[in-house]
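Novice: sequence plus predicted model, see below.
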Amino acid sequence: MKKAVSCSLMKKLDQNTIQKMGIPSLVLMERAAVKTAEEIEKILKNRKTEEKILCVCGSGNNGGDGIAAARILFLHGYHSEIFLAGDPSHMTEETKQQYRIAQNYQVPVVNNPEWQEYTTIVDALFGVGLARPVKGRYADLIRDMNLASGWKVSVDIPSGINGDTGEVMGTAFSADMTVTFAFRKAGLCLYPGRKFAGKTVTADIGIYEAAERMDPCYLLEDSDIKELPKRSLEGNKGTFGKVLAVAGSSGMCGAAYFCAAAAVAAGAGMVKILTEKDNRIPLQMLLPEAIINCSEEPKEWEKDLDWCDVLIIGPGLGKSERSRKILSWFLEHNQEKRPVILDADGLNLLAENPGWRKVLGKHTVLTPHMGEMSRLTGKTLPELRKDRISASRELAEETGAVCVLKDACTVTASPDGTVWLNLSGNPGMAAAGSGDVLAGVLAGMFCANLENNLFKPDKAAALGVYIHGRAGDLAAKTKGEYGMKAGDLLPAVSEVTGYGGRYEKI
């Protein structure tokens, strides 16, 4: 597990290292430049062309990083040049010093670069300190850099990308690789910032966590899957969790199948599906492991509720009066606060019945995609895209539930403000039924947590999101991103959760 940071926190950590730890700012700048040059050289050493590198540098400390990187590459034998895009009179003291050092070593400086001459262009214009949209000559400069044919590298963050939200601030540099320092910035995880960053490398330059609390923002890794508890040798099907999926309306048995099958694939010991009568025969054929109940009687629902450990409500449920009645009943009668995964039509009905929010809480996981999130919050899609983290935190705080905002980078937010950003998965997962599979995987994670209670609800949800994405990555290797479908995720979920550390196969 790693941490991601906001720009404001990164500045505090930087200052803490300088003022409290006693490491001079110029030393940190030199380390950043060394790491940037090292990553560039790893790529260049395998290329057969004669290299010509241009470092485009602003007047702030990001520009100083770029100037120093240009000097290091020059001294390593590369044809490396500096283009000072910023106003020299506005240079920080550290950047002035780096420029003087570069002049002492006679690193070439150009004033009117011919962009197509360069095989590599290094963006060191703004860094994380950018506070307003890029306009005027800087916008023109970034456009020229993007149109150049050379390989492109950004120092710390692509210029023009908001380091907190990933938003494009007017215009932005499109990098093939970004070398960021100390911690990955949230804007390098969220889209479109992640797309503009290309491959992101996080380099250690000697800035670590301060004594004060860091932003509670985390990134899961394959090693975190190992935290899933081993199954008890004395266990039975009841030991490993019983899931009730309230899912599927007439003609929508697929959603019920996918969420229930995914719960089985993710480790649930038993699964029961409460659905309409039309779905009984197809579901029994598709998933003979599941128990099917088609009762319309609350007395039978009560038995199902007493039986289960985890609830999934909503996939394919529809918005009929029956669906409204059944969702209201289960939300209000879940007095023992079993974990509830509220998905799809469950969320749409919740948006239409805001009074139901009073029965939500920390036992509930809301799993909206962007459209459902808009209906739940009243915010427009552009407003949500502008700051997904804040929107997720606000909904979690308001409802007391964990919010899993499904997107290319899914955001999982806890009512206490903790956030998890997901980096697994691929575009092939944007297919019908994939969200239903996620609901089942989340239920499986809560089943795994029943006996040992290793994870808080937000981490259990975040781990489910990560495993779902890794299953998508595994499926894409054999099916390809164009040919994947939701059913391809099911065997992959079992493989990911069952590897026991053999992650090289994923």
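Specialist: Thanks, I have it.
Novice: hang on, R231 in a strand?
Specialist: No. Counting by DSSP: H, G, I helix; E, B strand; the rest coil, R231 falls outside a strand, being coil.
Novice: helix/strand/coil for the nearest residue to it once chain neighbours are set aside?
Specialist: Computed as CB to CB, 6 or more residues apart in numbering, the closest residue to R231 that is not its neighbour in sequence is F240, at 6.5 Å. Heads up, the C-betas are built off the backbone N, CA and C, glycines and all. On the three-state scheme (three-state DSSP), F240 is labelled coil.
Novice: could you give the number of residues near F240?
Specialist: F240 has 19 neighbours, counted by other CB atoms under 10 Å.
Novice: where along the stretch 151-300 of the chain do the helices fall?
Specialist: Ranges of helices in the stretch 151-300 of the chain, per DSSP state H, counting those that start in this stretch, are 193-197, 253-265, 280-286, 298-307.
Novice: mean neighbour count, the ones you listed: which tops it?
Specialist: For those, average neighbour numbers computed from mean count of other CB atoms under 10 Å are highest in helix 253-265, which has a mean of 29.
Novice: kindly export that helix (C-alpha atoms) in PDB.
Specialist: Taking C-alpha atoms only, helix 253-265 is exported to PDB below (Å, rounded to 0.1, in the frame of the first residue of the first chain):
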ATOM      1  CA  CYS A 253     -31.600 -12.000 -14.700                       C
ATOM      2  CA  GLY A 254     -28.100 -11.300 -16.100                       C
ATOM      3  CA  ALA A 255     -27.400  -8.700 -13.400                       C
ATOM      4  CA  ALA A 256     -28.500 -11.100 -10.700                       C
ATOM      5  CA  TYR A 257     -26.300 -13.800 -12.100                       C
ATOM      6  CA  PHE A 258     -23.200 -11.600 -12.400                       C
ATOM      7  CA  CYS A 259     -23.300 -10.300  -8.900                       C
ATOM      8  CA  ALA A 260     -24.100 -13.700  -7.300                       C
ATOM      9  CA  ALA A 261     -21.500 -15.500  -9.400                       C
ATOM     10  CA  ALA A 262     -18.900 -12.900  -8.500                       C
ATOM     11  CA  ALA A 263     -19.600 -13.300  -4.800                       C
ATOM     12  CA  VAL A 264     -18.900 -17.000  -5.200                       C
ATOM     13  CA  ALA A 265     -15.700 -16.300  -7.200                       C
END
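Novice: among the helices of the stretch 151-300 of the chain, which comes closest to I389?
Specialist: When the helices of the stretch 151-300 of the chain are compared by CB to CB, helix 193-197 sits nearest I389, at 12.1 Å.
Novice: identify the residues contacting the closest one?
Specialist: Contacts with helix 193-197, where a contact means CB atoms under 8 Å, 6 or more residues apart in numbering, come from 154, 157-158, 160-163, 165-168, 172-175, 178, 187-188, 200, 408-409.
Novice: how does it look with 6 Å?
Specialist: P158, I161, G166, A172, S174, A175, T178, G187, L188 (CB atoms under 6 Å, 6 or more residues apart in numbering).
Novice: then stretch 180-191?
Specialist: Outside stretch 180-191, the residues that touch it by CB under 6 Å, 6+ apart are 3-6, 32, 156-157, 161-166, 193, 197, 200, 202-203, 205, 207, 408-409, 421.
Novice: what about the residue nearest to A210 when sequence neighbours are not counted, how many residues nearby?
Specialist: In space, and not counting its chain neighbours, A210 is closest to N16: 4.3 Å by CB to CB, 6+ apart. By other CB under 10 Å, the residues close to N16 number 17.
Novice: V402 now?
Specialist: V402: 32 surrounding residues under other CB under 10 Å.
Novice: separation between it and N293?
Specialist: The gap separating V402 from N293 is 27 Å, by CB to CB, to the nearest Å.
Novice: out of the contacts of helix 193-197, which are inside strands?
Specialist: Among the contacts of helix 193-197, the members falling in strands (DSSP state E) are T178.
Novice: the contacts of helix 193-197: which two are farthest apart?
Specialist: Within the contacts of helix 193-197, S174 and G187 form the most distant pair, 14.4 Å apart (CB to CB).
Novice: N293 contacts T275, correct?
Specialist: No. With contacts counted by CB atoms under 6 Å, N293 stays clear of T275, the gap being 7.6 Å.
Novice: so for those two, which sits in the more crowded spot?
Specialist: Comparing N293 with T275 by other CB under 10 Å, the one with more neighbours is T275, at 28 against 17.
Novice: skipping adjacent residues, who's closest to the more buried one in space?
Specialist: G248 (4.0 Å).
Novice: pLDDT score for that neighbour?
Specialist: Listed pLDDT for G248 reads 96.
Novice: on that earlier part again, higher neighbour count, S174 and G187?
Specialist: Ranked by neighbour count (other CB under 10 Å), S174 and G187 place G187 first, with 27 against 19.
Novice: where is the longest helix in this structure?
Specialist: helix 457-483 (DSSP state H).
Novice: and it, which residues are buried?
Specialist: Buried residues in helix 457-483, counted by 16 or more other CB atoms under 10 Å: 457-476, 479.
Novice: now for that helix, which elements pack on it?
Specialist: Packing partners of helix 457-483 (3 or more CB pairs under 6 Å, 6 or more residues apart in numbering; DSSP states H and E): strand 402-405, strand 411-413, helix 434-449, helix 486-497.
Novice: what angle separates that helix from helix 434-449?
Specialist: Following axes from the mean of the first three to the mean of the last three CA atoms, to 10 degrees, one obtains 140 degrees for the angle between helix 457-483 and helix 434-449.
Novice: for the chain, which residues score under the pLDDT cut-off?
Specialist: Within the chain, the stretches with pLDDT under 70 are 211-214, 499-506.
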